[in-house]
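A.B. asks: The following block contains a protein sequence and its predicted model.
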Amino acid sequence: MPGTGHKGEHMYMRFRLQYRGAKGVWHYVGGADSGFVHAGSARYVSRQTGRNFNLAASTAPGTVLRGVVIFDWRIAGQDVHHAQLQTTAGRRVGAGASPPGYSAARCKLS
């Protein structure tokens, strides 16, 4: 998440999962919502955080998933800017990638 350089501003991220429905429309996965996670002071150039979600074993094979992240920049608890993005491929990956170093925009369950 990009910082703004303002030391009194704080950054929050909310992570959610979506699945692609039969007609190609994206729907939110129930229970796959991190709520807003404090990412730190906006005085930094950027901050990074994330969340893992565990899915029930009954999730249908072939289901396509993607992540959505909502960014909030706040001063004294009040939103000053808000943005939302879907996952993209080719990101530099830190700890937790499986396989290590792998980044994809979407994943297909098998």
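C.D. replies: Ah, there it is. Just so we're clear, the structure is a prediction, and the values are computed from it rather than from any experiment. Numbering: from 1, shown residues only.
A.B. asks: what does the longest strand anywhere in the chain rub up against?
C.D. replies: Determined from DSSP state E, the single longest strand within the chain is strand 26-41. Taking contacts as C-beta atoms under 8 Å, 6 or more residues apart in numbering, the residues outside strand 26-41 that touch it are 1, 3, 7, 9-21, 47-49, 51, 53, 55, 65-66, 68, 70, 72. Quick note: C-beta positions are derived from backbone N, CA and C, even for glycine.
A.B. asks: Apply the buried test to those and list what passes.
C.D. replies: 1, 3, 9-19, 47, 51, 65-66, 68, 70, 72 (16 or more other C-beta atoms under 10 Å).
A.B. asks: How much space separates the residue nearest to T49 when sequence neighbours are not counted from T87?
C.D. replies: Leaving aside its chain neighbours, T49 sits nearest to A39 (5.1 Å; criterion: C-beta to C-beta, 6 or more residues apart in numbering). Taking C-beta to C-beta, to the nearest Å as the criterion, A39 is separated from T87 by 17 Å.
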